[in-house]
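A.B. asks: the sequence and its predicted three-dimensional model are supplied below.
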Amino acid sequence: MALIALIALPFALGLLSLALARVSVALTRWVTLAGLMLISALAIPLLSAAPQDGPWLQIYNQPWLPSLGASWLFAGDGLSVSLALTSCLLGALCVAVSWQEIGKRVGLFHLCICWTVAACNGVFFAMDLILFIFFWEAMLVPSFLLIALYGHEKRESAAMKYLVFNQAGGIALIAAVLATGALVDPINFSAFQLSELDLSYDLQFWALLGFSAAFLVKLPTVPLHAWLPDAHTQAPTAGSILLAGLLLKTGAYGLYRFPALLFPDAAADLTPYMLYLGALSAIYGGVLAAGQSDGKRLVAYTSVAHMGFVLMGIFAATPLALTGAGVEMIAHALSASALFLMMGVLQERTGTRELGALGGLQRRTPRLALALSFFVVAALAMPGTANFVGEALVIFGVFQVRWPVAVAAAFGLILSVVYATKLLQGTVFGRPDEDHPLADLNARELAQAVPLILGILAIGLQPQWLINILEPSVDAARSWFAR
Amino acid sequence: MTGTDLLGLVPLMLLTATAVTLLMAGPFTGPRPVLYGALLGLVAAAFASLALPQEPRALTALLQLDRLALIGWSVLALAGAAAVALLPDSRWGFEEPLLIVAAVLGAAVMAAASHGVTLFLGLEIVTFAQIGLFAFERGRADALWAGYLYLILGALASALLLLGLGLLYAATGSLAVADWAGLGDDRMAQTGFLLQVAGLAFKLALIPFHGWIGDVFAKVPPLAAAVAGAIGKGGAAILVARWIAAADSDPALVTGLTGLAMLSMVGGNLLAVRENDARRMLGYSSIAQGGFLVALAVAPVDFAAAGLLYYIAAYSVALLLAFSCLNPSAGELRIEALTGLARRAPMRGLGLALALLSLAGLPISAGFVGKLYLFGALANGGRWGLLVAAGLGSVLGLLYYFRYLVALFSDPATDQVCPAAPARVGLTRFLLTLLVVLLAFQPILFL
């Protein structure tokens, strides 16, 4: 039931916020913040339980539309419950960062945050493929509205680009799911049952292409990433956090969960191409990031690079690489959200995202400069931070499978130093255009940044607890790939 | 004709009796009793068709009764009932409910037609009822013009259809649809099929027979357009499905319809992308939705029929809801005028938003399940060309549906508070809003 609650409660909370906003805006913010944090607590007892039936911590199965072969089938393992926990906490963070930024249509804004969280949790838990595409499509609408209604100057075209790219992928996914499930007699969409079938190679191949189209666009990997920089840059801070921290993870999660489970033969054949795509993303994303002068855009491109590592880790399919990919998903959720939080703070203070116009923060706002430096260092995967654990494990894992790819990925790590330096030089060091005083991080902003710092350090310095949580999921994914 | 045969005719008789009684009573009772009488008749016909046994049987040589016909009848009748209940208070004569009943009757005849005569008869009843609905407000030159446009183009379409019927009769010596199967090599029969496709494509506004729909939707009263889109197209789409089954998926017929559907799914959405007039946008989107309906009708899988009925129901609900949320008297026709509607008139804003989501085929609306049926039928039937066109069309559709969605939730340009709708209209709109969501969770009603 906790799985259902993690989906249904944010959904209901969204409706509650919409209604409350008519009474009091401040109350809406507090209730949504507290509500999302309380909901996230539901995931903790799940994570501390021992898995049953393979990797699964909990399975919920009720018939829905028997004649269509669809059921309410939810299952959570260590990976998906950790991601759901992260998503609720990031939702709470989004409420907190928008305290001042969003002053109009507050109810709808909180509804969109809560519904995005609810739909993403649905994606993480749904193991019935009809249900999965329901949540997959449902993610689009609230996140689109967050960008299109609350974003910056070019919000509408950015939101439209986001919608069209992702929906094009979504349509491919829908066609692939329906073509697979309807072949079974009686018609069935349970991923568990479909995984036991002996699907023909042609079907596996085409269906996997459909699945991959949706996941690789969402991830995004390099040739399909064109929607990402605009959407991240134009979204409000909360929207950027949800996109980078949460929505990109749904693509990674999809690749982790489904290709090897449902289409093992085709997935094995696609593996080298996925590794190349991952390496390409890691390098090209870094090159693009290094070339940006808009701070938010720079951070957006770093996501492409980091998700390239996740892609490599998943398809290398060794225990090290899969663990690394899982850790990297959580680590990137924290570090990218934190960087967007900092960029939001800077934009709120200075009214610009241009790196050239910022600078000298270490003198003007020491606390802000320190926090930003920490997050930038985390993003370049310095040892001691969570990203290091993820990316190092991925590179070790990939090395065992295809060493040239691992070498290329290591170049991606070097590039991350280049863009990190550029970001730091443009903000923390140097001399600003106008040297007027800036407010340092206030208590509310510190309360947002410090938990993120602690989270990144907790995984970076002592990763074993997270690795233990992910272990059953890693073993399961590996056994699917090995079939 | 036996007693059970007569029983099967009850829904059609109810519709005819309602229309005739109201026509005679109307001048004496005034509009209000006629409106409620029409509502009663339509709902009664809907329940009567659901109560009838659904095993396939021929009802005389002219009509075929089966699931497709009976559930189709109830969907069409309920859509008609919603249209009647949505008639605005300010301006309706007793004729309008009557014309809606007649349109439903014609569409119902089309949906069960197994013979050239009923096919043509049903089509003409719908067409003339629609002309009446379009041009009813004689004082409005543009509505009158739209009525004429439809009359003239409709006459052309009917002529093509008749010529097609004639050629088929010449080729086979029969007007029964069942006798038209297996005529693959006969040039005359093929020409007949294609002419019939042209006639029906006009009704469904498939490209390139779509010339009327933009102007008609933009100029006639909103509900008249909704009736044309929901009921007229619904009846025609069921007829297409029935025909394809009867003609044993004749290659000429299927190829022709596939081509038109592909053109319409992509072209209709392209036409709508830059459209700033909400009613014209719904018209162009209706071209694409007609393409989706035909795509479902030609998909060779056994759940395609259920999918078609579901899609018609979902599209009817969304279209009626969308049109009922526009308020032409307040000038709410262009996208700029709809800005902030969700704040100024929350019920209408929510209704229109859900209707647009449903047309776009996204959760949590009925259109999403409709899209599942569509893609499922095309993927499993191996209609890859249609699948690609449908995917392209539905992505293009987002470009304009979501532009309107953003406008609805943006900051209002004026603080002008909208006048409340009469209770009957408000209640119907509320029920349709509920239905858009509920249909998505219980599509089982249609299986």
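C.D. replies: Structure received.

A.B. asks: and residue B:132, how far is that from chain A?
C.D. replies: Residue B:132 sits at a distance of 39 Å from chain A (criterion: C-beta to the nearest C-beta, to the nearest Å). Bear in mind the C-beta positions are built from the backbone N, C-alpha and C, glycine included.

A.B. asks: residue B:88 too?
C.D. replies: 29 Å.

A.B. asks: how about that residue, secondary structure?
C.D. replies: coil (DSSP: H, G, I helix; E, B strand; the rest coil).

A.B. asks: quick one: contacts for it?
C.D. replies: B:223, B:421-422, B:425 (C-beta atoms under 8 Å, 6 or more residues apart in numbering or on different chains).

A.B. asks: cool, and residue A:9?
C.D. replies: By C-beta under 8 Å, 6+ apart, the contact set of residue A:9 is A:35, A:39, A:42, A:118.

A.B. asks: who wins for most neighbours among those?
C.D. replies: residue A:39 (28 neighbours; other C-beta atoms under 10 Å in any protein chain shown).

A.B. asks: so where's the chain shaky on pLDDT?
C.D. replies: No chain in the question, so chain A it is. A:66-67, A:185, A:432-435 (pLDDT under 70).

A.B. asks: chain B is the one I meant
C.D. replies: By pLDDT under 70, the weakly predicted segments of chain B are B:1, B:90-92, B:183-184, B:248-249, B:330, B:414-417, B:443-447.

A.B. asks: which of the contacts of residue A:9 sit farthest apart?
C.D. replies: A:42 and A:118 (12.9 Å; C-beta to C-beta).

A.B. asks: between the contacts of residue A:9, which is closest to chain B?
C.D. replies: Nearest to chain B among the contacts of residue A:9: residue A:118, at 10.9 Å, using C-beta to the nearest C-beta.

A.B. asks: surely that closest one touches residue A:14?
C.D. replies: Yes. Judged on C-beta atoms under 8 Å, residue A:118 makes contact with residue A:14 at a distance of 7.0 Å.

A.B. asks: any residues in contact with both of the two?
C.D. replies: With C-beta under 8 Å, 6+ apart, residue A:118 and residue A:14 have no common neighbours.

A.B. asks: for residue B:211, see how far away the residue in the stretch 151-300 of chain B that chain A sits nearest to is.
C.D. replies: In the stretch 151-300 of chain B, the residue that lies nearest chain A is residue B:273 (10.7 Å; C-beta to the nearest C-beta). Distance of residue B:273 to residue B:211, computed by C-beta to C-beta, to the nearest Å: 19 Å.

A.B. asks: and if you look at residue B:217?
C.D. replies: Distance, residue B:217 to residue B:211, using C-beta to C-beta: 12 Å.

A.B. asks: give me the neighbour count for residue 70.
C.D. replies: Picked chain A for this. Counted with other C-beta under 10 Å, residues neighbouring residue A:70 total 24.

A.B. asks: looking at chain B here, not the other one
C.D. replies: Neighbour number of residue B:70 under other C-beta under 10 Å is 23.

A.B. asks: that one contacts residue B:51, doesn't it?
C.D. replies: No. Applying C-beta under 8 Å as the test, residue B:70 and residue B:51 come out as separate, 9.2 Å apart.

A.B. asks: and the longest helix for the chain?
C.D. replies: Looking at chain A here, since you left the chain open. helix A:319-350 (DSSP state H).

A.B. asks: that answer is for a different chain, and I need it for chain B
C.D. replies: Chain B, longest helix under DSSP H: helix B:141-172.

A.B. asks: just the strands in chain B please.
C.D. replies: B:57-59, B:63-65 (DSSP state E).

A.B. asks: what does the last one rub up against?
C.D. replies: If I follow you right, that is strand B:63-65. Contacts of strand B:63-65 (C-beta under 8 Å, 6+ apart): B:8-9, B:52, B:56-59, B:69, B:109, B:112-115, B:118, B:242.

A.B. asks: rewinding a little: show me what contacts the residue of the stretch 151-300 of chain B closest to chain A?
C.D. replies: B:396, B:399-400.

A.B. asks: filter those residues down to the ones close to chain A.
C.D. replies: residue B:399 (C-beta under 8 Å from any C-beta of the partner chain).

A.B. asks: show me which of the contacts of residue B:273 is closest to residue A:94.
C.D. replies: Nearest to residue A:94 among those, with distances taken as C-beta to C-beta, is residue B:399, at 27.1 Å.

A.B. asks: give me the nearest residue to the residue in the stretch 301-450 of chain A positioned nearest to chain B, chain neighbours excluded.
C.D. replies: Using C-beta to the nearest C-beta, residue A:348 is the residue of the stretch 301-450 of chain A that sits closest to chain B, at 20.5 Å. Among residues not flanking residue A:348 along the chain, residue A:101 sits closest, at 6.5 Å (C-beta to C-beta, 6 or more residues apart in numbering or on different chains).

A.B. asks: quick one: that neighbour and residue A:344 touch, right?
C.D. replies: Yes. Using C-beta under 8 Å, residue A:101 is in contact with residue A:344, at 6.9 Å.

A.B. asks: the two: who's more crowded?
C.D. replies: residue A:344 (24 against 15).

A.B. asks: ok, the more buried one - contacts?
C.D. replies: Applying C-beta under 8 Å, 6+ apart, the residues contacting residue A:344 are A:97, A:101, A:236-237, A:240.

A.B. asks: rewinding a little: surely the residue of the stretch 301-450 of chain A closest to chain B and residue A:102 touch.
C.D. replies: No. If you go by C-beta under 8 Å, residue A:348 and residue A:102 don't touch, sitting 11.4 Å apart.

A.B. asks: more neighbours, these two?
C.D. replies: Using other C-beta under 10 Å, the more surrounded residue of residue A:348 and residue A:102 is residue A:102, with 23 against 14.

A.B. asks: ok so, going back, and the contacts of residue B:273 as CSV, adding distance to residue A:60?
C.D. replies: Output for these, formatted as CSV (distance: C-beta to C-beta, whole Å):
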residue, distance to residue A:60
B:396, 37
B:399, 37
B:400, 39
